[in-house]
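[1] Have a look; sequence and predicted model below, questions after that.
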Amino acid sequence: PWPETSVTSYTKTIDYSSRSSKEELTRVEPPNLRGGGAPFGGAQKQVNLVSGQYAWNQPGNAPQPAVAAAEERQLQIWLTPLGFVKAANENNATAKKGKGGTVISFTAMGKFKVEGTINPQGLVTETKTWMANPVLGDMLVETTYSGYKDFNGVKFPAMIVQKQGGQTVMDLAVTSVQANAPLSLTVPDSVKQAKLPAVQVESQKLADGVWWIGGGTHHSVVIEYPAYITVIEGPLSEERSLAVIAEAKKLVPNKPIKYLVNTHQHFDHSGGIRTYVAEGATIITNAINRPYYEQTFKAPRTLAPDRLSQNPKKATFITVKDKYTLADGGREIDIYHVDGDNHNQGILMVYLPKEKVLVEADDFTPPAPNGPPPAPRAVAFTKNLEANIERLKLDVETIAPLHGFVVPVAELKKVAGA
């Protein structure tokens with residue numbers, strides 16, 4: 001499940017006529033939080049906006065374009081009880097009897113199939129739609145509404161729970177509803193001009209036959225063996241993975257990619273593994289991940305067909321419990337399970353003993369120069385990583401993180417000692 005942070009305040013204002021919304025929330029991390037998500041210290045304030053085709057965030061004075069979020073934020077408007085009724089009226093909805101009432105169906109925004117249930121009292125109790133997700137395929141997004149109350153003449157649910165892919169992502173208790181609240185959003189010029197950034201790859205040679213592939217928020221490592229290539233991590237999406245694959249073949253011509261090492265199953269680190277299966281690679285991952293991947297690989301992908309769905313082939317896996325060594329022709333990498341990890345219970349790290357390089361994900365992200373110090377939860381991850389390095393007696397000189405930038409191991413020790 002997603003880690004549960006406490007939302008201490010939440011306000012969402014919607015203007016249906018202009019397809020606009022403003023979401024303001026403050027959340028805090030409870031003590032001893034486990035799981036994914038970027039660690040943060042203290043209270044985190046978010047302001048998330050959408051107006052028609054434009055989306056941006058504004059936690060401070062400067063707007064931050066959020067091009068990739070625009071479609072989902074607009075869709076979320078039509079998944080609210082009132083938005084669902086408005087969209088059904090505007091999109092030639094059909095109706096049929098179903099469990100719990102009348103099931104209304106229509107297509108929103110020209111592409112999203114939306115279903116909702118209206119109970120015998122005329123209240124929307126549930127909405128469903130499907131969105132493309134690199135890991136889950138056509139991912140179910142279901143929102144339930146319960147405990148309807150009269151808020152100053154407006155019938156509205158007192159409880160809202162949304163699940164994505166079967167996991168809860170939002171659980172709200174509604175305390176106030178105001179009808180016809182003002183919302184007038186002016187889209188900043190920087191947001192109007194923003195485009196989705198092109199996928200970029202930048203390679204940095206770490207040793208003979210070893211390259212760190214950066215150029216974005218998530219990185220990979222390419223390792224040359226006598227007859228093939230091994231890649232560590234296939235993050236984010238097919239687009240990112242295809243760019244890394246192209247760079248790997250440029251760095252190491254005329255050799256196939258035989259293995260992909262996957263550190264853990266969080267969406268941002270596993271969104272490209274299907275692309276490597278399509279390429280013919282075997283996936284090396286923790287044993288606990290194999291059933292999950294085999295299940296998600298079966299999911300339909302009609303909204304965004306990928307290479308593997310267009311040309312299906314059976315995935316092959318090598319699973320790791322504590323340690324797996326991939327040695328061939330004088331090249332060796334040792335893949336270890338990180339014991340006691342509170343970010344992901346099955347997370348793996350990769351050690352290159354000859355080169356004295358450690359490749360790791362999420363447990364240590366080097367802080368930017370003159371940037372804020374890591375959050376306490378991030379420091380705890382790094383302390384545990386250092387303890388595993390010491391437990392395994394690894395002689396590490398260089399950290400090649402899958403976020404951030406390559407640093408000497410002294411930088412890890414500095415954070416771990418904070």
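    Looks like it came in fine.
[2] what mean pLDDT does stretch 255-270 have?
    For stretch 255-270, mean pLDDT rounds to 98.
[3] low-scoring pLDDT stretches of the stretch 251-400 of the chain, where are they?
    Scanning the stretch 251-400 of the chain for pLDDT under 70 picks out nothing.
[4] can you pull out the helices in it?
    267-270, 273-279, 290-296, 307-310, 376-391 (DSSP state H, counting those that start in this stretch).
[5] now for the last one, which elements pack on it?
    Applying 3 or more Cβ pairs under 8 Å, 6 or more residues apart in numbering; DSSP states H and E, one finds that helix 376-391 contacts helix 409-416. The way it works is simple: take the backbone N, C-alpha and C, and place the C-beta from them, glycine included.
[6] Can you list the buried residues in the helix it packs on?
    Val409, Glu411, Leu412, Val415, Ala416 (16 or more other Cβ atoms under 10 Å).
[7] re earlier: just say which of the helices of the stretch 251-400 of the chain is most tucked in.
    Among the helices of the stretch 251-400 of the chain, helix 273-279 has the highest mean neighbour count (mean count of other Cβ atoms under 10 Å), at a mean of 24.
[8] Give me the distance between that helix and the centre of its chain.
    18 Å (Cα atoms, centre = their mean, to the nearest Å).
[9] Dump it to CSV, restricted to CA.
    Extracted C-alpha coordinates of helix 273-279, given in CSV (Å, rounded to 0.1, in the frame of the first residue of the first chain):
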residue,chain,number,x,y,z
ILE,A,273,10.9,-3.2,-17.3
ARG,A,274,8.3,-4.4,-19.9
THR,A,275,10.4,-2.6,-22.5
TYR,A,276,13.4,-4.7,-21.6
VAL,A,277,11.3,-7.9,-21.8
ALA,A,278,10.3,-6.8,-25.3
GLU,A,279,14.0,-6.3,-26.0
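[10] Determine the set of other helices and strands touching it.
    Partner elements for helix 273-279 (3+ Cβ pairs under 8 Å, 6+ apart): helix 238-251, strand 257-261, strand 282-286, helix 307-310.
[11] And the residue in the chain sticking out farthest from the centre, its phi and psi?
    Relative to the C-alpha centroid of the chain, counting by Cα atoms, centre = their mean, Gly153 is the outermost residue, at 39.3 Å. Main-chain dihedrals, Gly153, degrees, to the nearest 10: phi 90, psi 0.
[12] so what pLDDT did it get?
    Looking at Gly153, the pLDDT reads 93.
[13] does it really touch Ala179, like I thought?
    Yes - Gly153 is within contact range of Ala179, at 7.1 Å (criterion: Cβ atoms under 8 Å).
[14] Among the helices and strands packed on helix 273-279, which comes closest to Trp211?
    helix 238-251 (5.6 Å; Cβ to Cβ).
[15] name the helices or strands packed onto that closest one?
    So helix 238-251, by 3+ Cβ pairs under 8 Å, 6+ apart, packs with strand 210-214, strand 220-224, strand 229-232, strand 257-261, helix 273-279.
[16] Quick check: buried residues in that helix?
    Glu238, Arg240, Ser241, Leu242, Ala243, Val244, Ile245, Glu247, Ala248, Lys249, Leu251.
[17] domain parsing for this structure?
    Per the record, the chain has its domains at 6-193, 202-417, by the TED database.
[18] hey, C-alpha coordinates of stretch 229-246 in CSV?
    Output in CSV follows, covering the C-alpha atoms of stretch 229-246 (Å, rounded to 0.1, in the frame of the first residue of the first chain):
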residue,chain,number,x,y,z
ILE,A,229,25.1,-5.9,-22.0
THR,A,230,23.6,-5.7,-18.5
VAL,A,231,21.5,-2.7,-17.5
ILE,A,232,20.7,-1.7,-14.0
GLU,A,233,17.2,-0.2,-13.6
GLY,A,234,14.5,0.5,-16.1
PRO,A,235,12.6,3.4,-14.6
LEU,A,236,9.6,5.5,-15.4
SER,A,237,8.3,4.5,-18.8
GLU,A,238,8.8,2.9,-22.1
GLU,A,239,10.0,6.3,-23.6
ARG,A,240,12.8,6.5,-21.0
SER,A,241,13.8,2.9,-21.4
LEU,A,242,14.0,3.1,-25.2
ALA,A,243,16.3,6.1,-24.8
VAL,A,244,18.5,4.3,-22.4
ILE,A,245,18.5,1.2,-24.6
ALA,A,246,19.6,3.3,-27.6
